[in-house]
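Novice: Whatever this is, show me its structure:
(2 chains)
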Amino acid sequence: MTELTKLSAAEIAGLVAAGETSAVEVTRAHLDRIAAVDDRVHAFLHVDSDGALAAARDVDARRAAGEELGPLAGVPVAVKDVLTTKGVPTTVGSKILEGWRPPYDSTIVQRLRAAGTVMLGKTNMDEFAMGSSTEYSAYGPTRNPWDTDRIPGGSGGGSAAALAAYEAPLAIGSDTGGSIRQPGAVTGTVGAKPTYGGTSRYGLVAFSSSLDTPGPCARTVLDAALLHEAIGGHDPRDSTSIPAPVPDVVAAAKRGATGDLTGVRLGVVSEFADEGVEPGVLAAFNESVDALTKLGAEIVEVSCPHFRYALPAYYLIAPSECSSNLARFDGVRFGLRVGDDGNRSLEEVMSVTREAGFGPEVKRRIMIGTYALSSGYYDAYYGQAQKVRTLITRDFTAAFERVDALISPTTPFVAFPLGARTSDPYQMYLADLFTSPTNLYGGPGISVPCGLSGGLPVGLQVMAPTMADDRMYRVAAALETAVGTLTPPEL
Amino acid sequence: MTTTLPAYDEVVARYEPVIGLETHVELGTNTKMFCGCPTDFGGEPNTRVCPVCLGLPGSLPVANKAAIEATIRIGLALNCSIAQWCRFARKNYFYPDMPKNFQISQYDEPLCVDGYLDVEVNGETVRIGIERVHLEEDTGKTLHVGGATGRIHGATESLVDYNRAGIPLVEIVTKPIPGSGALAPEVARAYVAELRDVIRSLGVSDVRMEEGSLRCDVNTSLNLPGEEWGTRTETKNVNSLRSVERAVRSEMLRQAAVLDAGGRITQETRHFHEESGDTTPGRSKETATDYRYFPEPDLVPLAPDPAWVAELKAELPELPRVHRRRLQQAWGLSDLDMQSVLNAGAVELIEATVAAGATPAAARKWWLGELSRRANETGVELADVGATPRQVAELQSLVDAGKLNDKLARTVLEGVVVGEGSPTEIMTNRGLEVVSDTGALTAAVDEAIAANPEIADKIRSGKVAAAGALVGAVMKTTRGQADAKTVRDLILQRLS
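Specialist: Coordinates of the predicted model:
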């Protein structure tokens, strides 16, 4: 029953609940699919077949015992390798954590288990979530199922590609500057970055603490909402977690699926028009705007003058925090240790370990961040970037006084060929041009497929006010009814 | 390095010292600063740890409310203003006993600022300005194995125990303290003693210097009168009140020798050595690490509710100075006598001895006399001399009952401090009880009279003062166990 892999999470859960299939059967189908295609996609860094089948058997046993199970019970999920999984390797795409098996589960993974989902394994990513193509993974790139010579986006390219390759119906990502939304856009899948603090960071290996946000990836908006609901909500182990209920994203997705956006005001950020968007992307976006208008939405142009400074501010704040967060990888307590030959001092062993364990992009950002935080430069760089962050937040706040949500292309360009941007970091950084403002503000954003350009998927981003995640799901689900889900060619 | 040090009197005649103190206090909260691990002292290495205090990837800190409350109470007791909004900050540097290679501390936004602490030195009140009181996490402890000295140099292995990592630590920093002249070492000591007493009275830490729950760094500089303050050094590893005083004095002497020779003082960290009482250079602050402080993004800002702070302020216990004034009255001591009690660090000991039944005068006599002398000789704090207030009270009760005379009591006390048992046990075991059997004493007196006919004649002829010699002889034959007054009465009675 290979078709199980083509179903949505909601459909799978329905079949499992009705006893028409079992969690084990669903899990086997996906493990078989991974075995069949992942050598061409490389979405996974680690497939936990035994763990997945054990979890699936447990779900089936609980159901047989008459237990009431949640709306995602028995549905397989792929987890980005940035989240700790007890006893299951967690590398963050880096050599420095090769072989590390965490002694604890992240809150997100705990909640996934509690919801009865079945974790298939850990997905590939740019090292420490730094990148937009998954080419910076220390374990080799992931390929885009739409065209395996092209990148699947990043940093969460593994999670997005696993969905597009039908290796998993659900996946978890983390979004620091666009790492859920941009891979979603270029693989024709749905990726949502919740409000910062709406999903727990406990067990998320930190890149940039004030920006990192774990979130759901799926092939449909409703599936993303179901997953969002399962993993979201307050966590006392994360001080920055918001002590409030998860906005009702599932109801919002269902409401949006009726295709009625009457009374909804959507803002198009005028400044984004000048930012070198590929013509095909712009065309797909404009067609979507027309489609949204037909669904009843009112479209207004909104000015957010400080968005153009988002990328520079992002590339100071994120590296600064990363330079401190990544200091703990020193070979003393866990992970890689190099050069401990009895002749080197402790400091030298730390240094040699870090030299060997980190890749070039990670080193670049540690260097930039270390510089930006150093005495005498702090005010000019980190301090200034924080001020820009405040201005961007004001732009959002002002915009949301006029409109319910903002829309933009998710990323300026479609999936590019492998290797096309690795030699020029700035060209790579441009992938986050439209997604990074949301991270600086802390609000939610979602990317939903909105058409094709040259046979490759284009994503539309919906941005909403903090803790109004439901609004973006409604708009995204409505657009999904007009555009339909995108089906990649057979691998 | 073996320069001859100038005399202290000459140093203080030529230079003016400026001192400053940074004190770290481990709070006695049940759990660590940012996780739920227990904080009790001892325990097998690395048994009181979790992903958070080990700094494992993905772990996050959650601030301990009890520690914040304790810090605010310390700040209030030190007359500080409490911040209405402040943040934790990361202090970044690499060290193996620091799990994350950054310490969560506070930087430019401390919880408490701008206070003072009044201390008594030689009967005068000195007001020590408090710059700031902030909260941070402690590091782990590194043990160097295989080297001769226990230092990193020459060690074959370094072992790290993270049980201490993440224990809440309060840092209390004074403003610079100029103008204390020759008294600078005593001012430093009095400040630390007073601070310790204040914190102990709040019940937020056991403030035991020997266990490291109170640690002190001493800053010292010298300048010529009328000139700018000199370059300061920071002396670490100062682990007793006595050492605080010695460290300031020794650093003043060392700096004076350097300056006298036309040299300049290097701004550096120095280590204090208990045995020699001097300091040696550590890492130089001129090439110090840039800590790259920035606000801790994993924690939300602290905004203590002013009403809660007011409540904490209203509930502060009686502070030691006030308490001491009350004791001074109750014990009927002059300012000078009280000061000597304070200088000896004996207030609480005497208080406890009185509570155990002794009179204030007797308690003070033992603690300031015999026991202080012994503490000085062995170089320990009075509280660690080996006798407890309960034992001292028991000793005095034996004296009051006439079972011990003063000399025997001192012998018994020597047994107590070396751990032979309770005063009663030692008296019995060593057979030190006063001989009150007049039959046995009479025989000893007669023996002494017979052995010293010339002295006996003198006494008979009215030279009563000569009786002393015979008393001495009797005491000698009874090994001091006779009551001297009884012996004297007996002698006079036999020779009248």
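Novice: Spell out which parts of the stretch 151-300 of chain B neighbour chain A.
Specialist: B:152, B:158, B:160, B:290, B:292-294, B:297-300 (CB under 8 Å from any CB of the partner chain). (C-beta placed from N, C-alpha, C; glycine too.)
Novice: Show me which of these has the smallest pLDDT value.
Specialist: In terms of pLDDT, residue B:152 ranks lowest among those, with 60.
Novice: wait, doesn't residue A:23 sit right on residue A:118?
Specialist: Yes: taking CB atoms under 8 Å as the definition, residue A:23 is a contact partner of residue A:118 at 6.1 Å.
Novice: Could you pick out the longest strand of chain B?
Specialist: Longest strand of chain B, by residue count under DSSP state E: strand B:124-137.
Novice: Report the buried residues of that strand.
Specialist: Going by neighbour count (16 or more other CB atoms under 10 Å in any protein chain shown), the buried part of strand B:124-137 is B:126, B:128-137.
Novice: so what sits against both of residue A:23 and residue A:118?
Specialist: A:55-56, A:59, A:74 (CB atoms under 8 Å, 6 or more residues apart in numbering or on different chains).
Novice: Can you flag the buried ones in these?
Specialist: Neighbour-count burial within these applies to A:55-56, A:59, A:74; the criterion is 16+ other CB under 10 Å.
Novice: how far away is residue A:413 from chain B?
Specialist: Note on residue A:413: its distance to chain B, by CB to the nearest CB, to the nearest Å, is 31 Å.
Novice: which residues touch the closest residue to chain A within the stretch 1-150 of chain B?
Specialist: For the stretch 1-150 of chain B and chain A, the shortest gap (CB to the nearest CB) falls at residue B:101, measuring 3.5 Å. Residues near residue B:101 by CB under 8 Å, 6+ apart: A:327-328, A:330, B:55, B:92-95.
Novice: quick revisit: turn the residues of the stretch 151-300 of chain B next to chain A into a markdown table, including neighbour count and secondary structure.
Specialist: Shown next, in a markdown table, are these (neighbours: other CB atoms under 10 Å in any protein chain shown; DSSP: H, G, I helix; E, B strand; the rest coil):
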| residue | neighbour count | secondary structure |
| --- | --- | --- |
| B:152 | 12 | coil |
| B:158 | 16 | strand |
| B:160 | 19 | strand |
| B:290 | 14 | coil |
| B:292 | 25 | coil |
| B:293 | 19 | coil |
| B:294 | 25 | strand |
| B:297 | 22 | coil |
| B:298 | 21 | coil |
| B:299 | 20 | coil |
| B:300 | 15 | coil |
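Novice: Tell me the most packed of the contacts of residue B:101, by neighbour count.
Specialist: Within the contacts of residue B:101, neighbour counts (other CB atoms under 10 Å in any protein chain shown) peak at residue A:330, which reaches 27 neighbours.
Novice: part of a strand, is that residue?
Specialist: No: counting by DSSP: H, G, I helix; E, B strand; the rest coil, residue A:330 falls outside a strand, being coil.
Novice: burial measure for the nearest residue to it once chain neighbours are set aside, as a count.
Specialist: In space, not counting the residues next to it along the chain, residue A:330 is nearest to residue A:350; the distance is 4.4 Å by CB to CB, 6 or more residues apart in numbering or on different chains. Neighbour count of residue A:350, defined by other CB under 10 Å: 23.
Novice: Regarding residue A:350, what is its secondary structure?
Specialist: If you use three-state DSSP, then residue A:350 falls in the helix class.
Novice: Hmm, residue B:105 is touching residue B:91, no?
Specialist: Yes: judged on CB under 8 Å, residue B:105 makes contact with residue B:91 at a distance of 4.8 Å.
Novice: Need the overlap of contacts for those two.
Specialist: Residues touching both residue B:105 and residue B:91 (CB under 8 Å, 6+ apart) are residue B:136.
Novice: Just the strands from chain B, written as ranges.
Specialist: Ranges of strands within chain B are B:16-26, B:81-82, B:89-92, B:102-105, B:112-121, B:124-137, B:141-145, B:157-161, B:168-174, B:214-223, B:233-238, B:268-272, B:279-284, B:294-295, based on DSSP E.
Novice: and the fourth one, what does it pack onto?
Specialist: Applying 3 or more CB pairs under 8 Å, 6 or more residues apart in numbering or on different chains; DSSP states H and E, we find strand B:102-105 packed against strand B:89-92, strand B:124-137.
Novice: Mean pLDDT and distance to chain A added to those strands, as TSV?
Specialist: Listed next are the helices and strands packed on strand B:102-105 as TSV, based on pLDDT from 0 to 100; distance: least, CB to the nearest CB, whole Å:
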stretch	mean pLDDT	distance to chain A
strand B:89-92	97	5
strand B:124-137	96	14
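Novice: Export those to JSON lines and append columns for distance to residue A:80.
Specialist: What follows is these, written out as JSON lines (distance: least, CB to CB, whole Å):
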{"stretch": "strand B:89-92", "distance to residue A:80": "25"}
{"stretch": "strand B:124-137", "distance to residue A:80": "30"}
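Novice: still on that earlier bit, closest one of the buried residues of strand B:124-137 to residue B:467?
Specialist: residue B:126 (52.2 Å; CB to CB).
Novice: Identify the bridge partners of that closest one.
Specialist: Beta-bridge pairing for residue B:126 (DSSP bridges): residue B:119.
Novice: Could you do residue A:85 as well?
Specialist: Beta bridges link residue A:85 to residue A:88 when assigned by DSSP bridges.
Novice: just checking, it touches residue A:77?
Specialist: No: applying CB under 8 Å, one finds residue A:85 not in contact with residue A:77, separated by 11.6 Å.
Novice: Show me the shaky parts of chain B.
Specialist: For chain B, applying pLDDT under 70 flags the ranges B:1-3, B:147-154, B:283-288, B:436-437.
Novice: Now for residue 245: which residues touch it?
Specialist: Using chain A here. Residue A:245 sits next to residue A:233 when contact means CB under 8 Å, 6+ apart.
Novice: Hmm, no, I was thinking of chain B.
Specialist: Residue B:245 makes contact with B:185-186, B:188-189, according to CB under 8 Å, 6+ apart.
Novice: quick check, nearest of these to residue A:161?
Specialist: residue B:188 (65.6 Å).
Novice: Tell me, how many residues neighbour the closest one?
Specialist: For residue B:188, the count of nearby residues is 32 (other CB under 10 Å).
Novice: my guess is it contacts residue B:248, does it?
Specialist: Yes: Residue B:188 is within contact range of residue B:248, at 4.8 Å (criterion: CB under 8 Å).
Novice: Overlap in contacts, the two.
Specialist: Common neighbours of residue B:188 and residue B:248, counting by CB under 8 Å, 6+ apart, are B:19, B:218.
Novice: what number of residues lie near the closest residue to chain B within the stretch 1-150 of chain A?
Specialist: For the stretch 1-150 of chain A and chain B, the shortest gap (CB to the nearest CB) falls at residue A:84, measuring 4.4 Å. Using other CB under 10 Å, residue A:84 is surrounded by 28 other residues.
Novice: one step back: between residue A:85 and residue A:77, which has more neighbouring residues?
Specialist: Between residue A:85 and residue A:77, counted using other CB under 10 Å, residue A:77 has the larger neighbour count: 29 against 26.
Novice: Could you look up the SS state of the more buried one?
Specialist: Residue A:77 - assigned by three-state DSSP - is strand.
Novice: Pull the contacting residues for it.
Specialist: A:112, A:117-120, A:168-172, A:227.
Novice: At the geometric centre of chain B, which residue do we find?
Specialist: Taking CA atoms, centre = their mean, the centroid of chain B lies closest to residue B:241, which sits 4.0 Å from it.
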